[in-house]
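Colleague: Generate a structure from the sequence data that follows.
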Amino acid sequence: MKFEGKMVLNSRREDVWNFISEPSKVIECVPGLEEYSVEEGKRVTAKVKVSIGFIKGTFRASSSVVKEDHQNYTAKLKLSGSGVGSGFDALVDLKLNELEYGTEFIWLADVNVSGPLGSLAKPMLEGYVRKIVDQLFDCIKRKLTNSTI
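Modeller: All right, here's what the predicted structure looks like:
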């Protein structure tokens, strides 16, 4: 499944890049986060509580940076996780575009889901992904607005 989205942040592109390039800052914005660790090479492992329709439980998830290009403000992340009899793998492309009054944050995710979670209707998964991404970006916006970058 493919998911994509974009949003505008009222922060300079360099400030947004510096924030999202620090996994310890971004991971704290993940909804349902119970615990996490950041390891060498910006690898993150986390325990996240999820509730999607009738599927409720805890996922163990990890992320790693596949490619990071500060000069072009692009990155590719690999995400994976498992829990409640389901699993997922995703490749996520991120791009920051400079705007006159802020930064456009564009993302594209190619996601494979297995188990009971994979049997859910795509609209249900899309709704859940949209909700999680909206909460994540709202938190990033707040943190960028309140930071002293």
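Colleague: bridging residues for Ser51?
Modeller: Partner residues in beta bridges with Ser51, using DSSP bridges, are Lys56.
Colleague: Let me fix that, I meant to ask about Ala109.
Modeller: Beta-bridge pairing of Ala109 under DSSP bridges involves Phe3, Val92.
Colleague: can you pull out the helices in the protein?
Modeller: Under the criterion DSSP state H, the chain carries helices at the ranges 13-20, 23-26, 122-146.
Colleague: Check which residues of the second one are buried.
Modeller: Just to be clear, that refers to helix 23-26. Under the neighbour-count criterion of 16 or more other Cβ atoms under 10 Å, helix 23-26 has 23, 25-26 buried. C-beta coordinates here come from the backbone N, C-alpha and C atoms, glycine included.
Colleague: Ser62 is nearest to which of the helices of the chain?
Modeller: Among the helices of the chain, helix 23-26 comes nearest to Ser62, with 10.9 Å by Cβ to Cβ.
Colleague: low pLDDT regions in the chain?
Modeller: When residues are selected by pLDDT under 70, those of the chain lie in 121-122, 147-149.
Colleague: quick one: furthest residue from the center of it?
Modeller: For the chain, the C-alpha lying farthest from the average C-alpha position belongs to Glu100; by Cα atoms, centre = their mean, that distance is 25.2 Å.
Colleague: From Arg13, how far off is that one?
Modeller: In this view, Glu100 and Arg13 are 11 Å apart by Cβ to Cβ, to the nearest Å.
Colleague: what do you get for Ser62?
Modeller: 28 Å.
Colleague: cool, Val44 as well?
Modeller: 23 Å.
Colleague: That'll do, ta.
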